[in-house]
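[1] Task: produce atomic coordinates for the following.
(2 chains)
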Amino acid sequence: MQVGTIAVARSLSIPERCAPLVEVAGLRKTYAAGKATVAALRDISLTIGDGEFVAVVGPSGCGKSTLLRIIAGISPASGGHVRVGGEDPLRGRLPIGMVFQTPVLLPWRSILANVLLPIEIAGGDRRAALERARELLGMVGLYGFEEKRPYQLSGGMEQRAALCRALITDPVLLLADEPFGALDALTRERLNLELQTVWMATRKTVIFVTHSIVEAVFLADRVLVMRARPGTIERDIPVPLARPRELAVQDTAEFGRCTREIRRALELASTRGEA
Amino acid sequence: MRPIVARLAGRLLFNVSYAALLLIAWEVLVRVFNVADYLLPRPSDVLRVLAAQSGLLSRHAVTTLVEIMTGFAIGSALGAALAVTIHLVEPLRRTLLPLLVALQSVPKVALAPLIIVWFGIGLSAKIIMVTFFCFFPVLMNMLGGLSRIEPTVLDLMGVLRARRWQTFRKVELPNALPALFDGLKIALPVAVIGAIVAEFTSAERGLGHLILVASNQIQTDMTFAALIVLTFMALLLFTAIALLERVSVPWSTAYRKGER
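    Got it, this is the predicted structure:
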């Protein structure tokens, strides 16, 4: 029975290891705006299994980034329960990797030194990490760029380096906040393919916030659709496409069905959000 | 390599010819309009003084140079250290910083006589004066550089669970270096003013003293000669800082135009 389940799961690319890694229950986040309080997130509950790739889409201002920042432990929740690997992320010790909308590389460091920054901060073994850094850089096609400065690289290359930096600590969770949003369409497609390759090699749990429905469906096992004001999760839509996915998967009927479903949910979410 | 050398040589040739042209124009105008020596000396007279009195000029120049460099070093170090302290110890921003701003608002030139009274007419009074003149631009620029950080970088440090000290060492401090150099570049001319004001007030040596004495004796050509030496010295020091900046912060956005 176990064997059968796993085989099916693999073919549908639903993660094999389903122990929950991220647990969010009844999460609230409010901001003080003058004398009024604005609810940025209300009653968010979600569970993400270990090894799962989850995309989050939603209209601007729906609190996608806020949710990500709370899970990352860089912003406190106003209420509710958040656990990453059983830890409160604000006080946790498990390494979490994050990729931002901009590469956020330190301009005075070489690419290699930027990738090694998390190791320095964690007080890890720099020598051992060096090898891993080169390996990661090679995996995203930055072999030979180790000693370059960030400003000598293109935007796509910088974001690749940022991905390596996020993965250098072998994090339990990779958070991505619209990492490819500022890139041109072709670079973005290429990076989506590379990210899939990296993900299949490392099987990190990923939460990937994006504005692009196509990107979400292409990358994720599950797509969470959010609604704005206050931010809540509207729908949880599985993407049962086999991996590795090639760009041509975007022309298949199944892909189209997923994007249509998400688009419909988004339209519903935005009309009701504004009402 | 060749084109760079050629370009530098070209620029040097242009600058030298340009300066020569201006000097010739000055010389001609003074002669044509028959301007009195004590009002505006001829460049040829000034050059003659520069050559004939080079020993005297350089003795005074060394005194002033020592005052400027020592005071500038102490003032800059003090300004940078104060900036770091205020940045790291938040309550100081509301207690110490207003005091420093108030202190800075006192017309510094007016303090020169007081400093002479307190510290005498020797070297130390001049150095203190220069220090006082130049610490503030360094302090304010450095303070700005330390806190002017892209919020996402701090988010990154948060995700990495960096300690306060690590964020300071690895992000805030290097991030402040371009601003520090901005501060140094503002502080240097100010330091020169400080030294000259102190020497005007009371001194036995230095280019400021020389200028004062020469002017009193209506040796306008000597005044000009001293002014030229002083300007040249200040320019040299400024160039040294600019070079140091280029070496220390090659990643600064100021140099990155067209490098991509």
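[2] And the residue of the stretch 1-150 of chain B closest to chain A?
    residue B:150 (7.0 Å; Cβ to the nearest Cβ). Backbone N, C-alpha and C define where each C-beta goes, glycine included.
[3] So that residue sits against residue A:104, correct?
    Yes - here residue B:150 reaches residue A:104: they are 7.0 Å apart, a contact under Cβ atoms under 8 Å.
[4] contacting residues for the residue of the stretch 101-250 of chain B found nearest chain A?
    Going by Cβ to the nearest Cβ, chain A is nearest to residue B:158 of the stretch 101-250 of chain B, at 3.7 Å. Taking Cβ atoms under 8 Å, 6 or more residues apart in numbering or on different chains, we find residue B:158 in contact with A:72-74.
[5] Then residue A:40?
    Residue A:40 touches A:29-31, A:63, A:66, A:230-231, counting by Cβ under 8 Å, 6+ apart.
[6] Which ones among those residues lie within strands?
    A:29-31 (DSSP state E).
[7] Spatially central residue in the chain, please.
    No chain was given, so I picked chain A. By Cα atoms, centre = their mean, chain A has its centre lying nearest to residue A:208, at 2.5 Å.
[8] that's the other chain; I wanted chain B
    Judging by Cα atoms, centre = their mean, chain B has its centre closest to residue B:188, at 1.1 Å.
[9] re the thing from before, quick one: which helix or strand includes the residue nearest to the centre of chain A?
    strand A:205-209 (DSSP states H and E).
[10] So which elements touch whatever helix or strand comes next after that strand?
    Sequence-wise, the next helix or strand downstream of strand A:205-209 (DSSP H and E) is helix A:213-219. Helix A:213-219 sits against strand A:53-57, helix A:185-202, strand A:205-209, helix A:253-274, with contacts defined as 3 or more Cβ pairs under 8 Å, 6 or more residues apart in numbering or on different chains; DSSP states H and E.
[11] If you average the pLDDT over helix A:213-219, what comes out?
    Helix A:213-219 shows a mean pLDDT of 95.
[12] Enumerate residues external to that helix that contact any of its residues.
    Against helix A:213-219 from outside (Cβ under 8 Å, 6+ apart): A:53, A:55-57, A:180, A:188, A:192, A:195-196, A:199, A:206, A:208, A:210, A:223, A:239, A:241, A:245, A:247, A:249-250, A:255, A:258-259, A:262-263, A:266.
[13] 6 Å instead, please
    Residues outside helix A:213-219 that contact it (Cβ atoms under 6 Å, 6 or more residues apart in numbering or on different chains) are A:55, A:57, A:192, A:210, A:223, A:239, A:258-259, A:262-263.
[14] just to revisit the earlier point, for chain B, which of the helices and strands packed on helix A:213-219 is the nearest?
    Closest approach to chain B among those (Cβ to the nearest Cβ): strand A:205-209, 12.7 Å.
[15] Paired strands for the closest one, with orientation please.
    Partner strands for strand A:205-209, per DSSP bridges, with pairing direction: strand A:53-57 (parallel), strand A:173-177 (parallel).
[16] Output the set of residues of the stretch 51-200 of chain B in proximity to chain A.
    Listed as neighbours of chain A in the stretch 51-200 of chain B under the rule Cβ under 6 Å from any Cβ of the partner chain: B:152-153, B:155-156, B:158-160, B:162, B:166, B:174.
[17] Inside strands: which ones of the residues you listed?
    Among these, no member lies in strands (by DSSP E).
[18] most neighbours, which of these?
    Sorting those by how many neighbours each has (other Cβ atoms under 10 Å in any protein chain shown) puts residue B:156 first, at 27 neighbours.
[19] Report the contact partners of residue 249.
    No chain was given, so I picked chain A. A:241, A:255.
[20] wait, I meant chain B there
    Per Cβ under 6 Å, 6+ apart, neighbours of residue B:249: B:177-178.
[21] Would you mind measuring from it to residue A:241?
    48 Å (Cβ to Cβ, to the nearest Å).
[22] Quick check: residue B:179 touching residue B:145?
    Yes - between residue B:179 and residue B:145 there is a contact under Cβ atoms under 6 Å: 2.6 Å.
[23] List of residues touching stretch A:184-203?
    With Cβ under 6 Å, 6+ apart as the criterion, stretch A:184-203 contacts A:51, A:140, A:156, A:180, A:218.
[24] residues of it that come out buried?
    Residues of stretch A:184-203 classed as buried by neighbour count (16 or more other Cβ atoms under 10 Å in any protein chain shown): A:187-196, A:198-199.
[25] Can you lay out these as CSV showing pLDDT and distance to residue A:36?
    Conversion of these to CSV gives the following (pLDDT from 0 to 100; distance: Cβ to Cβ, whole Å):
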residue, pLDDT, distance to residue A:36
A:187, 90, 41
A:188, 92, 38
A:189, 92, 43
A:190, 90, 45
A:191, 91, 40
A:192, 93, 40
A:193, 92, 45
A:194, 90, 44
A:195, 92, 40
A:196, 93, 43
A:198, 89, 43
A:199, 92, 41
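[26] Specify which member of those residues is nearest to residue B:130.
    Residue B:130 lies nearest to residue A:187 out of the buried residues of stretch A:184-203, by Cβ to Cβ, at 53.6 Å.
[27] and residue B:28, how many neighbours does it have?
    12.
[28] and it, what helix or strand is that in?
    Per DSSP H and E: helix B:2-32 holds residue B:28.
[29] Show the subsequent helix or strand relative to that helix.
    Assigned by DSSP H and E, the successor of helix B:2-32 is helix B:43-52.
[30] Please list which of the contacts of residue B:158 also come close to chain B.
    Okay, of those touching chain B (Cβ under 6 Å from any Cβ), that's A:72, A:74.
[31] May I ask which of the contacts of residue B:158 has the most neighbours?
    That'd be residue A:72 among these, by other Cβ under 10 Å, with 23 neighbours.
[32] residues in the stretch 1-150 of chain A within reach of chain B, list them.
    With the criterion set to Cβ under 6 Å from any Cβ, the stretch 1-150 of chain A comes near chain B through A:72, A:74, A:96, A:98, A:100, A:104, A:107-108, A:118, A:121, A:149.
[33] Most neighbours among those, please name it.
    Taking other Cβ under 10 Å as the neighbour criterion, residue A:98 ranks highest of the residues of the stretch 1-150 of chain A next to chain B with 28 neighbours.
[34] Summarise which helices and strands the helix or strand encompassing that residue is packed against.
    Using DSSP H and E, residue A:98 falls within strand A:96-99. Helices and strands touching strand A:96-99, by 3 or more Cβ pairs under 6 Å, 6 or more residues apart in numbering or on different chains; DSSP states H and E, are helix A:155-167, strand A:173-177.
[35] And for chain B, the residue most distant from the center?
    Distance from the centre of chain B peaks at residue B:159, with 41.2 Å (Cα atoms, centre = their mean).
[36] ok, and the closest non-adjacent residue to that one?
    residue A:98 (4.4 Å; Cβ to Cβ, 6 or more residues apart in numbering or on different chains).
[37] can you pull the pLDDT of that neighbour?
    As predicted, residue A:98 sits at a pLDDT of 96.
[38] okay, the helices and strands packed on helix A:213-219 in TSV with distance to residue B:100 next?
    Shown next, in TSV, are these (distance: least, Cβ to Cβ, whole Å):
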stretch	distance to residue B:100
strand A:53-57	48
helix A:185-202	49
strand A:205-209	44
helix A:253-274	50
